[in-house]
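**Q** have a look at this fold, sequence not included:
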């Protein structure tokens, strides 16, 4: 049974950092692309970052490039999203997702979703 459990969200001020974690179970990370999608109320869903299954290559949305870093720990089956220099526009629910096999990772065709974790950036 595939499960994705996020943690690490919270309320921070602009310029601060957060690290999100996604504990995966029911599969191993090196066979699937994992990533993060965010959605704020009234806004469109946005693919934030993804890490490719075979070589760990990473992709980022332009809005977070240079500020966010995705990584994975194959041994603990956990994916992380380090978020630095946070801005109010980063406020959203962040979902850990597993992409469908046979698709390009950066297409963000999610097959499984976590429950989401709220990130709020406000002064």
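**A** It's in. This structure is a prediction, so every number in the text was calculated from the model and none was measured.
**Q** how far away is the residue positioned nearest the centre of the chain from residue 70?
**A** Residue closest to the mean C-alpha point of the chain, counted by CA atoms, centre = their mean, is residue 36 at 2.3 Å. As judged by CB to CB, to the nearest Å, residue 36 and residue 70 stand 7 Å apart. Just so you know, the C-beta spots here come from the backbone N, C-alpha and C atoms, and that holds for glycine as well.
**Q** which neighbours do those two share?
**A** 49-50, 79, 81 (CB atoms under 8 Å, 6 or more residues apart in numbering).
**Q** show only the entries of the residues you listed found in strands.
**A** 49-50, 79, 81 (DSSP state E).
**Q** are any of those residues buried, and which?
**A** Among these, those buried by neighbour count (16 or more other CB atoms under 10 Å) are 49-50, 79, 81.
**Q** surely the residue nearest to the centre of the chain is in contact with residue 95?
**A** Yes: taking contacts as CB atoms under 8 Å, residue 36 lies within contact range of residue 95: 6.8 Å.
**Q** coming back round to it: TSV for the shared contacts of residue 36 and residue 70, including pLDDT?
**A** Below are the shared contacts of residue 36 and residue 70 laid out as TSV (pLDDT from 0 to 100):
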residue	pLDDT
49	97
50	97
79	97
81	98
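**Q** which of those residues sits closest to residue 104?
**A** residue 50 (9.4 Å; CB to CB).
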